[in-house]
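S.K.: sequence and computational prediction follow.
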Amino acid sequence: MTNKLYQTQQYLKQCTAVVTAAEGNIVTLDRTIFAPEAGGQASDIGTIQGVPMVHCIDRDGEILHELAEPLKGVKPGDEVELELDWMVRLDHMQNHCGEHILSGILFTEHGIENKGFHLGSEISTLDAAIKNMTEEMVRELEWKANQVVFQGIPVRVEMLETREDAEKYPLRKALKVDEDISVVIIDGVDCVACCCPHPSDTSQVGLIKIIKAEHYKGMTRVYFKCGMRALKDYQLKAEIVTALNKKYSSEDETLLENMKIQEKKVGALRSELYTLKQRFAVLEAEELIAGAEGAVVHEFEDRNLDELRFLGKKLTEMTDLPVILSSTSCKTVLLIHSGKSSLKCGQVVKEFAVGFGGKGGGSDTLAQALFTDDEVMRNFVKIALHSV
Ligand SMILES: [Zn+2]
């Protein structure tokens, strides 16, 4: 069994330990400051004798340390130096303890159980056993959690030998082990068995920010960030708001209103643009129809497929002649008619474009063919015209 110093000396950043076994990249020690992966939370990282310790797990009470490479010349009985990556540990402790506070409040005030926790590298989640957590509940939970932080309530850890001893405490969750149980207590907030390292009081958790809460498998998944992560999140959001304020000539308080006003203006411009496009298409269609003999045919230089379709549709509203529009910029030919022509658009594309340097398809009244070469595209237009 490894002596788990992180449980009682969570601020210990360096120490020495004696190697009990070393096989390949895996090392076991008589004692360790590295907390293993546990309950949805990644392990600590750091170095052992200067070699990066990238991951560790608890196997039947023995902590297995995985190193980036084997320790050279080190054998069982040798003493090695351990150094903890403190910023990673602090980040874990802040977000882990934040979860205790959030889950504790949900349980003590609403009887809502936490059914799952995941401490991700960017954001953490907890699954609260309530189908629809209202926005008001989320705001209230966040507010109360931060009040717990501001009060700086001690986080106590009681090491208990038996299940019987542990069950004397008002535990939030049923026990999963029968002996050597550590119970974490935040008076008035939470009481649960947990073997991860915790800060000595709640103030060290820093800001608790709920990012969002959404429906998840009949529960509510709460996404949150604590401590340094919450600060970084605030810095990012402040940058975004500052940029938006500049764009919309606003202050924080008027930003949303100004964005709505701008959206309305854009909506009005879009509708005006659509009307103008319709009018222009009518004028353009009249001109093309006036010059048409048996079919409306025209090659553009700068139209995309949407523009060809828009004009093609307008033409079919104004003439029953088949329409063949092409554009060298998108190298596409559009065949379209009102349904009164015998031209089978899709069939023409299939027979004379696909396999002849083009691809595409469509129905009897609307089809398109895409080419990679202007001349091949023009040849297809000539063939299509013969088919009319
Ligand atoms: Zn814990």
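M.R.: Here it is on my side, so go on. Numbers count the residues shown, from 1 in each chain.
S.K.: right, and the ion sits closest to which residue of the stretch 51-200 of the chain?
M.R.: Cys194 (3.1 Å; Cβ to the ion). To be clear about C-beta, it is placed using only N, CA and C from the backbone, and glycine gets the same treatment.
S.K.: state the number of residues packed around that residue.
M.R.: 22 (other Cβ atoms under 10 Å).
S.K.: quick check on it: phi, psi?
M.R.: Dihedral pair for Cys194: phi -160, psi 140, per degrees, to the nearest 10.
S.K.: ditto for the one 5 residues further on
M.R.: Per-residue torsions, Pro199: phi -70, psi 160 (degrees, to the nearest 10).
S.K.: surely it is in contact with Gln10?
M.R.: Yes: contact criterion Cβ atoms under 8 Å: Pro199 and Gln10 qualify, at 7.2 Å.
S.K.: helices of this protein, start to end?
M.R.: 5-8, 86-110, 135-151, 163-166, 228-247, 255-290, 305-318, 345-352, 374-387 (DSSP state H).
S.K.: hey, which of those helices is tucked in deepest?
M.R.: Among the helices of the chain, the stretch with the highest mean neighbour count (mean count of other Cβ atoms under 10 Å) is helix 86-110, at a mean of 21.
S.K.: can you name every helix or strand that that helix contacts?
M.R.: strand 114-119, strand 124-128, helix 135-151, strand 179-186, strand 190-193, strand 208-216, strand 219-226, helix 228-247 (3 or more Cβ pairs under 8 Å, 6 or more residues apart in numbering; DSSP states H and E).
S.K.: circling back: bridging residues for the nearest residue to the residue of the stretch 51-200 of the chain closest to the ion once chain neighbours are set aside?
M.R.: Distance criterion Cβ to Cβ, 6 or more residues apart in numbering; nearest residue to Cys194, sequence neighbours excluded, is Val184 at 4.6 Å. For Val184, the beta-bridge partners are Val157, Val192 (DSSP bridges).
S.K.: contact partners for Val184?
M.R.: His100, Val155, Arg156, Val157, Asp190, Cys191, Val192, Ala193, Cys194, His198 (Cβ atoms under 8 Å, 6 or more residues apart in numbering).
S.K.: how about the residues you listed, which pair is most distant?
M.R.: Val155 and Ala193 (13.9 Å; Cβ to Cβ).
S.K.: what residues does the protein put near the ion?
M.R.: Val184, Cys194, Cys196 (Cβ under 5 Å from the ion).
S.K.: one more time with 6 Å
M.R.: His96, His100, Val184, Cys194, Cys196, His198 (Cβ under 6 Å from the ion).
S.K.: name the member of the residues you listed with the shortest distance to Gly361.
M.R.: Closest to Gly361 out of the residues of the chain next to the ion is His96 (57.1 Å), distances taken as Cβ to Cβ.
S.K.: from what I can see that closest one touches Cys196, true?
M.R.: Yes: the pair His96 and Cys196 qualifies as a contact (Cβ under 8 Å) at a distance of 5.5 Å.
S.K.: so what sits against both of those two?
M.R.: Common neighbours of His96 and Cys196 (Cβ under 8 Å, 6+ apart) are Gln41.
S.K.: quick check, pLDDT for the closest residue to Gln347 other than its chain neighbours.
M.R.: Spatially, and ignoring its direct neighbours in sequence, Gln347 is nearest to Asp364 (7.5 Å; Cβ to Cβ, 6+ apart). The score at Asp364 is 96. That number is its pLDDT.
S.K.: Asp364: how many residues sit nearby?
M.R.: Per other Cβ under 10 Å, the neighbour tally for Asp364 reads 16.
S.K.: residue contacts, it?
M.R.: So Asp364 contacts Gly339, Leu343, Lys344, Cys345, Gly346, Gln347 (Cβ under 8 Å, 6+ apart).
S.K.: please report phi then psi for it.
M.R.: Dihedral angles (degrees, to the nearest 10) for Asp364: phi -60, psi -30.
S.K.: kindly provide the distance from it to Met318.
M.R.: 20 Å (Cβ to Cβ, to the nearest Å).
S.K.: can you check Gln147 too?
M.R.: Taking Cβ to Cβ, one finds Gln147 at 70 Å from Met318.
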